[in-house]
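J.: fold the following for me, if possible:
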Amino acid sequence: MEVKLSDLALAVDFSSSGLLFDSCTYLNRCSGKIVYTGDLIDDEELPDDLYDNPDYVEIPSKQDMNLGKRLVLRFAAEHLSEHVETVHNIFSRRGAYGRFKVLLDQTNMLDEWYRYEEKAVTRELLEWCLVNEITVNEDS
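T.: Numbers count the residues shown, from 1 in each chain. Next up, the predicted model:
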C-alpha cells in the first residue's frame, strides 16, 4: 500500500497540535488509511482494534521527531546569525514559538522558516516510513 507524503504531513501537523487537544494519528499499514484520534474526535468513529492491531502504527508528531527547539536553534544559526542570542533567550521561557514567529515576521524570515521546517519534517517522515516499511508517494 502506498501512502501520500502530503497526507502523512497533515497527520503530523494534527498530532503536533496535541498540546491542547491530546491529538494522535495512526496509519493502517495494510489499507493506507490514516486514523485521527483526540479530544475533538468522536471515539465511535475509531476502529475497534486500533490499539491492539499491529497493522496500525502511530504517526509521529514534530515533538516525537525532535523537531522543536533543536530545529529552531539550527535555523537561527543558519539564517539569523545576528539574532542567535535573541532566539536562545526567547526559548528560555514559555510561549517561545509565538515570540519566535514575531521575530521571524520582523526579519522577513517567516516564509523561509516554514520552508525550512517543512523540509525537516519531510526528511524525518521519509526516514520514519523507511523504518516502518511504508511505501510513500512523494508526488503529492
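J.: which residues does the spatially most central residue of the chain contact?
T.: Nearest residue to the geometric centre of the chain (C-alpha atoms, centre = their mean): residue 62, 3.4 Å. If a contact means C-beta atoms under 8 Å, 6 or more residues apart in numbering, then residue 62 has 12, 15, 16, 68, 121 as its contacts. Where C-beta positions appear, they are placed from N, C-alpha and C, glycine not excepted.
J.: residue 100: which of those is nearest?
T.: residue 68 (11.0 Å; C-beta to C-beta).
J.: next, the residue lying closest to that closest one once chain neighbours are set aside: secondary structure please.
T.: Of all residues not flanking residue 68 in the chain, residue 62 sits nearest, at 6.5 Å (C-beta to C-beta, 6 or more residues apart in numbering). Secondary structure of residue 62, reduced to three states by DSSP: H, G, I helix; E, B strand; the rest coil: coil.
J.: how close does residue 62 get to residue 41?
T.: In this view, residue 62 and residue 41 are 19 Å apart by C-beta to C-beta, to the nearest Å.
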